[in-house]
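> Fold the following, please.
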Amino acid sequence: MLTNLAHLDSLRVRITPPPAPGHTTYRLGEEPAVEVLWTYAERLPDGGYLPAGGGERIGDGGYTQGAFNADDIARAAVVYIRHWRATGATASRSAARQLLRGLCYLQTAPDDDTDPRAGNVVLWQQLDGRLNPSAEPVETPDPSDAGESAWLARTVWALGEGFAAFDGDDPPFAMFLRSRLRLAVGAIRRQVLSRYGQWRLVDDTPTPAWLIADGADLTGEALLGLCAYTASTGDEDARKVLEQLAEAVAAMRTGTPWTWPFGAVLPFGRSRTEWHGWAGLAPAALAGVYALGGDLAARDAALADAASFTPYLLVGGGPDNLRAGLPGAREALTLDGVQLAYGAHSRVESLLATAAATGRPALRTLAGVAGSWFFGNNPAGAPMYDPATGVTYDGIDRPERHNTGVVHRDAGAESTIHGLLAMLALDGDPHMAAVARIAETSMRVEGAELHSVALSDPSTGAHLSLLRSLATSTRAADVVVPGEAPATVSVNDPAGEEMEHYTTTAGRIRVLIPAGGFTTVVRP
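Now for the predicted structure:
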């Protein structure tokens, strides 16, 4: 097993929050303590970690932002929910329950249901449990429960997966989560879907105006929770919200297999030219929407991102923090080359979800390639996850005039969470996990129409080549496969449909790459 919860466990804190108008949680009178999560973990000289909050320290009372935040509490709850469901571990069930209780305390649930804050979420919480709705520096919205936000979307994600897990296991708690999810969905309906059907012109392209906080990435995370909840309940009100949000996310797909952004579901509703690797679970959510209700637009958008854009990204260096290009261009410019676990995990989960929903097995191999980022296939050429400790490092910096990235060895909550979500996915798929360990970059080639990367595992001799074509007709290329064991070739079109699958001898072999498609050569 690759998943190790030890470091995430060390960031969990049990607190007793004080009374606050509009804020309570499940059985707070009977169980006054809840769990939360430190935001950061600073690496010490001895290799250990010191937990820390956000912003400047304010005496003994807290931080200018806070010690704990709803974003990380919600996503950590998802880690424990998934681990519990995959392994049956009672410790993970307990952690999930307590973190969900802590998250729900941050949700604003006033007695007056006409309060415009109802269902929204306060982002920051101090060491003693006090809420800090107006952090320094100022964040939008301010106060943080004043409107739609990333933390509202992630709360929906955690509540949806939480309900699906506890329904049948602890019905009273599940019903509480359901009531809080409905409160959050009410906020989305009031604040976001009041714009349903409205389009704005962005970079000369009609763009949906009803994304949560203008983010297809954020909306995708809410959709993950809504898919889990709707699949468990059949709730028609939630399904309607899900369908309307999915319509907006699917509309953010753009480009062709030959031109930027190569079919990506773009993350930001105010730009049709930029893609960032900070988040990217929208394709996974769209695959879930298709699996739930057969939405063909959602399926096609998920496939375009998974089978056209992501191979381009993987052969081009990985999930950079910001790439941009003019629509119709053959290439993009990397504006911020920093890479984070968040972006790498998003590729893994989106590929795997799309493979499962559409029956495209080659996407599982691509998910393994995306997962190899954690084991050395990255700009630093270094492991970013340690299975022995559960630590995922905070990212890879790309200093100017340096070709090699530098590992940032702090290990805060967000990086740890997304590293573990990736490991849970790898543990659930032996083929994908084996591919992910083929992580040493031996060659990366970029040409006008054909890009490729070759990876190896020196300890086992395993080899993988991935080739992505930008040509408008089929191309051929020679691939050198070391060793004597046979290799498996998979030839795929731009929608991930496998056109050829065969085994060949090692050595120099000639393979075809379809127009706008990708080909993998794997020797175990």
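> Thought W275 was touching G343, still the case?
No - the pair G343 / W275 is not scored as a contact, 10.1 Å apart, by CB atoms under 8 Å. For the C-beta atoms, the positions are set from N, CA and C on the backbone; glycine is no exception.
> For those two, indicate the residue with more neighbours.
Just comparing G343 and W275: by other CB atoms under 10 Å the higher neighbour count belongs to W275, 27 against 23.
> Quick check: the more buried one touching F262?
No - using CB under 8 Å, W275 is not in contact with F262; the gap is 9.4 Å.
> and for those two, which residues touch both?
Residues touching both W275 and F262 (CB atoms under 8 Å, 6 or more residues apart in numbering): F309.
> So which residues of the stretch 151-300 of the chain form strands?
199-202, 205-208, 274-275 (DSSP state E, counting those that start in this stretch).
> ranking these by burial, who's on top?
Ranked by average neighbour count under the criterion mean count of other CB atoms under 10 Å, these are headed by strand 274-275 at a mean of 22.
> How far does it sit from its chain's centre?
Its chain's C-alpha centre and that of strand 274-275 lie 16 Å apart, by CA atoms, centre = their mean, to the nearest Å.
> can you list contacts of that strand?
Residues outside strand 274-275 that contact it (CB under 8 Å, 6+ apart) are 261, 264, 266-268, 309, 322-324, 332, 335.
> try 10 Å this time
If you take CB atoms under 10 Å, 6 or more residues apart in numbering as the criterion, strand 274-275 is touched by 203, 254-255, 260-262, 264-268, 305, 309, 313, 319-325, 332, 335.
> from the residues you listed, which ones fall inside helices?
Using DSSP state H, the members of the contacts of strand 274-275 that fall in helices are L313.
> picking that back up, can you tell me which of the strands of the stretch 151-300 of the chain comes nearest to D72?
When the strands of the stretch 151-300 of the chain are compared by CB to CB, strand 274-275 sits nearest D72, at 23.9 Å.
> Give the pairing partners of the closest one; include direction for each.
With DSSP bridges as the test, strand 274-275 is paired with strand 320-324 (antiparallel).
> For stretch 181-193, list every residue counted as buried.
Buried residues in stretch 181-193, counted by 16 or more other CB atoms under 10 Å: 181, 183-185, 187-189, 191-193.
> Not counting sequence-adjacent ones, nearest residue to A422?
For A422, ignoring the flanking residues on the chain, the nearest one in space by CB to CB, 6 or more residues apart in numbering is H345 at 4.1 Å.
> how much space between the one you found and G371?
Distance of H345 to G371, computed by CB to CB, to the nearest Å: 8 Å.
> joint contacts of those two?
Shared contacts of H345 and G371 (CB under 10 Å, 6+ apart): 422-423, 425.
> now these: which count as buried?
Buried by 16+ other CB under 10 Å: 422-423, 425, out of the shared contacts of H345 and G371.
> re the thing from before, select only the buried ones of the contacts of strand 274-275 in PyMOL?
Restricted to buried positions by 16+ other CB under 10 Å, the PyMOL selection for the contacts of strand 274-275 reads:
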select buried, resi 254+255+260+261+262+264+265+266+267+268+305+309+313+319+320+321+322+323+324+325+332
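> Neighbours of V138, how many?
A count of nearby residues for V138, using other CB under 10 Å, gives 9.
> Renumber starting at 550 from here on
That works, and once the first residue is 550, the last one we named lands at V687.
> residues contacting it?
When contacts are counted by CB under 10 Å, 6+ apart, V687 is found next to S693.
> pLDDT at it, what is it?
V687 carries a pLDDT value of 92.
> Helix, strand or coil: sort out it for me.
Under DSSP: H, G, I helix; E, B strand; the rest coil, V687 falls in the coil class.
> One more: G1065?
Following three-state DSSP, G1065 is assigned to coil.
> now the most centrally placed residue in the chain, nearest residue through space, not along the chain?
By CA atoms, centre = their mean, the mean C-alpha position of the chain lies nearest to S895, the distance being 3.3 Å. Excluding the flanking residues, the one nearest S895 by CB to CB, 6+ apart is G829, at 3.3 Å.
> likewise D660?
The nearest residue in space to D660 (CB to CB, 6+ apart) is G571, at 7.6 Å.
> W922 now?
Once flanking residues are discounted, W922 sits nearest to A893: 4.0 Å by CB to CB, 6+ apart.
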